[in-house]
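J.: Pasting a predicted model and its sequence here:
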Amino acid sequence: MDIELAGLQSRWKDVRMPPRKRRSFTAEYKVEAAHRVIDSGRTIAEVARELGLSESLLGEWVKVERRRIAAAEVHGEKPLDTAERAELLRLRRQVGELEKDNAFLVKASAYAATQKNRPGSI
């Protein structure tokens, strides 16, 4: 009886508490999302709905980005404009792809080296 009850309780717990969906965001995504609000003058609610985010999460990103911009201005630095941010993001993606290619080539050359040392290989 106790075993059956324990099984029912564990199944009921699964029904009542669905698993949370965890999403992680890169720094670039957070900055870009914040600038969709800052640069466009749209509300956080509008952009959050568009991106499928919670308003509080996006609001925090906007607050952090505005603080970062203000700190940069205090030191006489100009923040990147939209085109510069887009170019930086493109270059970061390109570097990421090149790093993947290099990792593949390292693995392929290591594999080729092991194949040459096998008995019966030329």
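T.: Looks like it arrived, so ask away.
J.: same for the longest helix along the chain, what does it pack against?
T.: Secondary structure of the chain per DSSP state H: the longest helix is helix 82-116. Helix 82-116 is packed against helix 27-38, with contacts defined by 3 or more Cβ pairs under 8 Å, 6 or more residues apart in numbering; DSSP states H and E. Quick note: C-beta positions are derived from backbone N, CA and C, even for glycine.
J.: What residues sit buried inside the helix it packs on?
T.: Going by neighbour count (16 or more other Cβ atoms under 10 Å), the buried part of helix 27-38 is 30-38.
J.: What is the nearest of these to residue 54?
T.: Nearest to residue 54 among the buried residues of helix 27-38 is residue 33, at 11.7 Å by Cβ to Cβ.
J.: And residue 40, how far from residue 101?
T.: Distance, residue 40 to residue 101, using Cβ to Cβ, to the nearest Å: 36 Å.
J.: roughly how far is the longest helix of the chain from the heart of the chain?
T.: 18 Å (Cα atoms, centre = their mean, to the nearest Å).
J.: Return the residues in contact with residue 66.
T.: For residue 66, the contacting residues are 34, 38, by Cβ atoms under 8 Å, 6 or more residues apart in numbering.
J.: what residue ranges in the chain score low on pLDDT?
T.: 1-23, 117-122 (pLDDT under 70).
J.: again, only this time at 80
T.: 1-24, 79-82, 85, 89, 116-122 (pLDDT under 80).
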